[in-house]
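Undergrad: Curious how this folds, go ahead:
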Amino acid sequence: VADALGLDRFAVLGRSGGAPHALACAALLPGRVRRAAAMMSLAPPGAEGLSWFDGMAASNVEEFTGALTDPLDFAERIATRAAAIRKDPAQLLVSIRDGLTESDRRIVSDPAMSEMLLRNFREALSTSAYGWIDDDLALLSHWGFDPARITRPVLLWHGALDTLSPVGHFEWLAQRIPRARPVLDPEAGHFGALEALPDVLDWLCATPQAAP
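TA: Next comes the predicted model:
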């Protein structure tokens with residue numbers, strides 16, 4: 001994508017399931033990535049010293065466990081859910097509410113925010129569930145890089161109340177990425193990142209000499 005846009009040097013940001021991909025860019029393209037931000041990132045599967053499912057919502061535990069133990073059945077279940085969501089995207093917002101904090105519920109209930117999320121759901125699932133399936137399998141596979149070898153500045157942002165990506169994952173990454181700048185919001189859950197996004201983008205666009 002960067003080549004197609006003619007970008008030599010750039011910053012990259014990933015949120016939730018996209019965060020490990022942003023870290024991968026920082027690890028594998030150190031000559032091109034200026035800075036990276038990973039918001040509510042999971043840690044790698046098999047992360048040493050981390051109990052990966054601790055503090056995770058039951059719905060996510062069930063989904064990831066299914067992907068690990070029976071990938072074919074997992075893919076069929078996701079395809080069925082995706083077909084239902086394609087017909088009525090609003091049901092996904094309803095189905096995930098049980099795993100959300102009060103602050104998350106407030107954020108996703110905002111009309112502008114919920115419309116943005118619904119538009120994303122429609123686009124992501126417009127033709128198939130394969131993107132969703134591939135994302136889960138990628139997160140649970142070997143990442144292809146060691147976070148400890150990332151040399152670029154990385155902003156790690158996390159909500160302390162997040163149950164979809166538990167705070168233990170944030171702490172694990174913060175301890176291992178050499179130039180990590182960890183930011184933990186004690187009152188935020190998973191969707192708090194949407195409100196923090198403008199500040200994170202400001203940090204990504206700042207020059208290295210700029211005051212923090």
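Undergrad: Start and end of stretch 152-163, how far apart?
TA: This stretch, stretch 152-163, spans 28 Å end to end (CA to CA, to the nearest Å).
Undergrad: model confidence over it, on average?
TA: The pLDDT scores in stretch 152-163 average 96.
Undergrad: So which bits of that stretch are buried?
TA: Using 16 or more other CB atoms under 10 Å as the test for burial, stretch 152-163 gives 152, 153, 154, 155, 156, 157, 158, 159, 161, 162, 163. In this view, the C-beta of every residue, glycine as well, is placed from N, C-alpha and C.
Undergrad: what number of residues lie near the nearest residue to residue 160 once chain neighbours are set aside?
TA: Of all residues beyond its chain neighbours, the one nearest residue 160 is residue 186 (4.7 Å), with distances taken as CB to CB, 6 or more residues apart in numbering. The local packing of residue 186 (other CB atoms under 10 Å) involves 8 other residues.
Undergrad: my guess is residue 186 meets residue 167, correct?
TA: No - contact criterion CB atoms under 8 Å: residue 186 and residue 167 do not qualify, at 9.8 Å.
Undergrad: Residues that sit against both of these two, list them.
TA: The contact sets of residue 186 and residue 167 overlap at residue 160 (CB atoms under 8 Å, 6 or more residues apart in numbering).
Undergrad: Can you tell me what sits against the helix or strand of the chain with the lowest mean pLDDT?
TA: Ranked by mean pLDDT, DSSP states H and E, the weakest helix or strand in the chain is helix 90-96, scoring a mean of 73. Contact with helix 90-96 is made by 59, 84, 85, 108, 114, 117, 118, 121, as judged by CB under 8 Å, 6+ apart.
Undergrad: Strands of the chain, residue ranges please.
TA: 10-15, 33-39, 154-159, 180-185 (DSSP state E).
Undergrad: would JSON lines of those strands with distance to residue 128 be doable?
TA: Converted to JSON lines, the strands of the chain look like this (distance: least, CB to CB, whole Å):
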{"stretch": "strand 10-15", "distance to residue 128": "22"}
{"stretch": "strand 33-39", "distance to residue 128": "27"}
{"stretch": "strand 154-159", "distance to residue 128": "31"}
{"stretch": "strand 180-185", "distance to residue 128": "35"}
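Undergrad: Quick one: residues contacting residue 204.
TA: So residue 204 contacts 11, 13, 34, 35, 36, 37, 155 (CB under 8 Å, 6+ apart).
Undergrad: Buried ones among those residues?
TA: Buried members of these, scored by 16+ other CB under 10 Å, are 11, 13, 34, 35, 36, 37, 155.
Undergrad: so who does the fourth one touch?
TA: Read it as residue 35. By CB under 8 Å, 6+ apart, the contact list for residue 35 reads 11, 26, 152, 153, 154, 155, 203, 204.
Undergrad: measure it to residue 1 for me?
TA: Distance, residue 35 to residue 1, by CB to CB, to the nearest Å: 17 Å.
Undergrad: next one: the second one
TA: With distances taken as CB to CB, residue 13 is found 13 Å from residue 1.
Undergrad: Then residue 87?
TA: With distances taken as CB to CB, residue 87 is found 31 Å from residue 1.
Undergrad: Verify the contact between residue 23 and residue 43 for me.
TA: No - judged on CB under 8 Å, residue 23 makes no contact with residue 43 at a distance of 10.1 Å.
Undergrad: Good, we can wrap up now.
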